[in-house]
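In: Predicted structure and sequence below. I'll ask about it afterward.
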Amino acid sequence: MSSGLHPNLTLVQSKALRLLFTKLRDKNTSQVDFVQYSKRLMRLLVEDTLASLPTVEIERQTPTGLFKGLESTTIPSQTCVVSIMRSGDALLESFREVEPAFKVGKILIQRDEASADKTAQFFYEKLPPGIHEMNVILCDPMVATAGSAIAALDLLCQVKHVDPSQITFATIICAPEGLGVLARKYPEVKIVTAAIDESLNDEKFIVPGLGDFGDRFYGT
Ligand code: URA
């Protein structure tokens, strides 16, 4: 399913995701349960994100007949999963559980809580050499203003020369405001998300959202 908010957006929806989101979004869910339910939800998102990458039609002989199937053409060693730390690390690990041969990149960007508009500031990056020749899966569970995402995409595209069309951005909840920003600056980046929420509140948190993903996942 797609949405008019971004030209390259895939909104993944299922009853399983809704069940998991109900646990995850509940403010009374404990840290232990939050970790377990978010890992289950992220695993579904990971599979849908990988399925959104190029595939070819193939046929396979089953024990009893012929199956018309699909095969991914993505080469894991030429694919880099990049986490926007720290929340992105949780999603990154879900990708690595499915495919340990993926290369890994890390970017640390933090909101300046003292500034009125909470501007995103770049602190650190560790990316594999030759990333401009790889497919890139960028991970951040929550896209609110998209400030961190834009800073990460600027680094990947303008400094590391990755073509935006090589990038898939995996995220579990997006605000419409952030999707609008991404659509204006990076319309070629493919986005795979499991929810588009209503809006942002005055503190730039997603509503209804789930609060601070990193704080709830890591218990800080
Ligand atoms: N990051 C989060 O973890 N939650 C939000 O609501 C917004 C950004």
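Out: Okay, I see it. Residues are numbered from 1 along each chain as shown.
In: Show me the longest strand that occurs in the protein.
Out: When secondary structure is assigned using DSSP state E, the longest strand within the chain turns out to be strand 103-111.
In: Does at least one residue of that one sit close to the ligand?
Out: No. For a cut-off given as Cβ under 6 Å from any ligand atom, strand 103-111 has no contacts with the ligand; the smallest distance is 8.2 Å. Where C-beta positions appear, they are placed from N, C-alpha and C, glycine not excepted.
In: So in this structure, which helix runs the longest?
Out: Among all segments of the chain classified by DSSP state H, the helix with the greatest residue count is helix 31-51.
In: Number of residues surrounding residue 22?
Out: 11 (other Cβ atoms under 10 Å).
In: Buried residues, the helix or strand encompassing it. List them.
Out: In the assignment (DSSP states H and E), residue 22 maps to helix 15-25. Judged by neighbour count using 16 or more other Cβ atoms under 10 Å, the buried positions of helix 15-25 are 17, 20-21, 23-25.
In: repeat for stretch 143-160
Out: Taking 16+ other Cβ under 10 Å as the neighbour-count basis, stretch 143-160 is seen to contain the buried residues 143-157, 160.
In: Which residue comes closest to the residue nearest in space to the middle of the chain once chain neighbours are left out?
Out: The residue at the geometric middle of the chain, judged as the C-alpha nearest the mean C-alpha position with Cα atoms, centre = their mean, is residue 170 (2.0 Å). Closest residue to residue 170 in three dimensions, ignoring its sequence neighbours and counting by Cβ to Cβ, 6 or more residues apart in numbering: residue 49, at 4.5 Å.
In: In contact with the one you found, which residues?
Out: Contacts for residue 49 (Cβ atoms under 8 Å, 6 or more residues apart in numbering) come out as 95, 137, 168, 170, 192.
In: just to revisit the earlier point, say whether the ligand is contacted by the longest helix of the chain.
Out: No. With Cβ under 6 Å from any ligand atom as the criterion, the ligand is not reached by helix 31-51; the gap is at least 11.3 Å.
In: Check which element follows that helix along the chain.
Out: strand 55-61.
In: What strands flank the following helix or strand past that following strand, and is each parallel or antiparallel?
Out: On the C-terminal side of strand 55-61, the closest following helix or strand by DSSP H and E is strand 66-72. Strands that pair with strand 66-72, judged by DSSP bridges, come out as strand 55-61 (antiparallel).
In: Show the average pLDDT along the strand it pairs with.
Out: Averaging the model's pLDDT scores along strand 55-61 yields 98.
In: ok now that strand, how far from the chain's centre?
Out: The chain centroid and the centroid of strand 55-61 are separated by 28 Å under Cα atoms, centre = their mean, to the nearest Å.
In: try stretch 128-145
Out: For stretch 128-145, the distance from its own C-alpha centre to the chain's C-alpha centre is 8 Å (Cα atoms, centre = their mean).
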